[in-house]
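Engineer: let me see the structure of the following:
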Amino acid sequence: MPLQFNSNKSQGKAREKYMEAEKRIKKIHNQYPDVEQAYSYLNSLKREYKMLKVSLFNLEKDNENTAEELKKEIKQLEDHYHELLKNHNIPLDYKEPTWDCEKCHDTGRIYRNNQYLVCSCAKNDLRKRKQKNGNLPQHLHSATFANANLNYYEADLVTGSGMNYRENAQKIYSLASSFVQKYNSDAISQGLIIEGPIGSGKSYLLGCIANALIDRGIHFRYIVYSDLLQQIRSTYNQDSPEADEKQILNTVQQIPVLLIDDLGTEKATEFASSTLYQIIDHRYREEKPIILSTNYSIKNLKNRFPVMGERIFQRLLEMNKYLELAGNVRVKKIEERQEA
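Structural biologist: Numbers count the residues shown, from 1 in each chain. This next block holds a predicted model:
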């Protein structure tokens, strides 16, 4: 059948797919006129046959014979048309749009039980947009509390609190999940400082928090502090930057939940210290939570900031619950891949 769609009703991705299909059909028909000729003639015969079928109860015997002959001719032409496609190495479905989602044909909606439902692909697209808007890196897009495998944490090693590493991780993940579920923009929410060695899964935990915030419809911003500083510095050398220092800082100061990953990896400078103080102090005064991960203890982290270090971390300790994540998840995952 010929490709038909209403450009006024088809929108977004579905419209784009239809337009792509039209271009593809036109290109193939220009390249192979015999295919276009067979295609056009076949459809004219099908239209004629449909008209005969609609009024078949009024037809005389001779016209009934005509309809049968037309049906045979259509079958012969279809075989010829398919043979042409095969000879030219053209797929049989070349006229059809190439849908990303076969369930909804990229409309984002499925009609079921007399109502339109949001398709899972539309939910996934929305989730990806929110992850992008929150600056969540690609490798954390699939991080969720449900998928977290806490068996990577050792059960035979014990923390200073007396819990083994796995029990400690379970407690921390539970507290992080509880933060998301209890978060209310109209109330004071205590954030988290998550300290742990390299490979202990701090970034993954921040990814779990970010994706859980998306599920609750809560806006967040994920940053690596060294990247934020570089972004600000880059505006100094541009005549017309997309965003100036004030706009960049305003984004991280005003967002409902701020996630700072790997604090302490940046070079310890007065600029780094004063910028961090602006962010922390503003969010402290506005009672907006921060989730922060670092490789350093609070004492060592405080010493890395020569300006206002004491004031910064007094604010942080007042705003946040301090947690220590022990273990090396990364090594376990690498060993597992090598054994597979």
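Engineer: for the rest of this, base every contact and every neighbour count on C-alpha atoms.
Structural biologist: Will do.
Engineer: any idea how far the residue nearest to Tyr152 when sequence neighbours are not counted is from Asp261?
Structural biologist: Excluding its sequence neighbours, the residue lying closest to Tyr152 (CA to CA, 6 or more residues apart in numbering) is Val329, at 5.6 Å. Val329 sits 17 Å away from Asp261, taking CA to CA, to the nearest Å as the criterion.
Engineer: these two: who's more crowded?
Structural biologist: The neighbour comparison of Val329 against Asp261 (other CA atoms under 10 Å) goes to Asp261, with 22 against 19.
Engineer: next one: the helix or strand containing that one to chain centre, how far?
Structural biologist: Assigned by DSSP states H and E, Asp261 belongs to strand 257-263. How far strand 257-263 lies from its chain's middle: 19 Å, per CA atoms, centre = their mean, to the nearest Å.
Engineer: what are the buried residues along that strand?
Structural biologist: By neighbour count with 16 or more other CA atoms under 10 Å, strand 257-263 contains the buried residues Val257, Leu258, Leu259, Ile260, Asp261, Asp262, Leu263.
Engineer: closest to Ser297 among these?
Structural biologist: Comparing these against Ser297 with CA to CA places Leu263 closest, at 10.8 Å.
Engineer: can you give me phi and psi for Asn135?
Structural biologist: phi 70, psi 30 (degrees, to the nearest 10).
Engineer: pretty sure it contacts Asp227?
Structural biologist: No: look at Asn135 against Asp227 with CA atoms under 8 Å: they stay out of range, at 11.4 Å.
Engineer: pick out whichever of these two has more residues nearby.
Structural biologist: Using other CA under 10 Å as the criterion, Asn135 and Asp227 rank with Asn135 on top: 15 against 11.
Engineer: spatially nearest residue to that one (excluding sequence neighbours)?
Structural biologist: Distances taken as CA to CA, 6+ apart place Tyr222 nearest to Asn135, at 5.5 Å, with adjacent residues excluded.
Engineer: does the spatially most central residue of the chain belong to a helix, a strand or coil?
Structural biologist: Closest to where the C-alpha atoms of the chain average out (CA atoms, centre = their mean) is Lys128, at 1.9 Å. Three-state call for Lys128 (DSSP: H, G, I helix; E, B strand; the rest coil): helix.
Engineer: run a quick neighbour tally on the closest residue to it other than its chain neighbours.
Structural biologist: Using CA to CA, 6+ apart and skipping the chain neighbours, the partner closest in space to Lys128 is His141 (7.9 Å). When neighbours are counted by other CA under 10 Å, His141 registers 17.
Engineer: ok, His141 - contacts?
Structural biologist: If you count contacts by CA atoms under 8 Å, 6 or more residues apart in numbering, His141 has them with Lys128, Gln131, Gly207, Asn211.
Engineer: export the helix or strand hosting the third one as CSV, just CAs?
Structural biologist: I take that to be Gly207. Using DSSP H and E, Gly207 sits in helix 202-215. These are the backbone C-alpha positions of helix 202-215, laid out as CSV (Å, rounded to 0.1, in the frame of the first residue of the first chain):
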residue,chain,number,x,y,z
LYS,A,202,30.8,6.3,45.6
SER,A,203,30.0,7.5,42.1
TYR,A,204,27.6,4.6,41.5
LEU,A,205,25.8,5.4,44.7
LEU,A,206,25.4,9.0,43.5
GLY,A,207,24.0,7.6,40.3
CYS,A,208,21.4,5.6,42.2
ILE,A,209,20.4,8.7,44.1
ALA,A,210,20.1,10.7,40.9
ASN,A,211,18.0,8.2,39.1
ALA,A,212,15.7,7.8,42.2
LEU,A,213,15.3,11.5,42.3
ILE,A,214,14.2,11.4,38.6
ASP,A,215,11.6,8.7,39.6
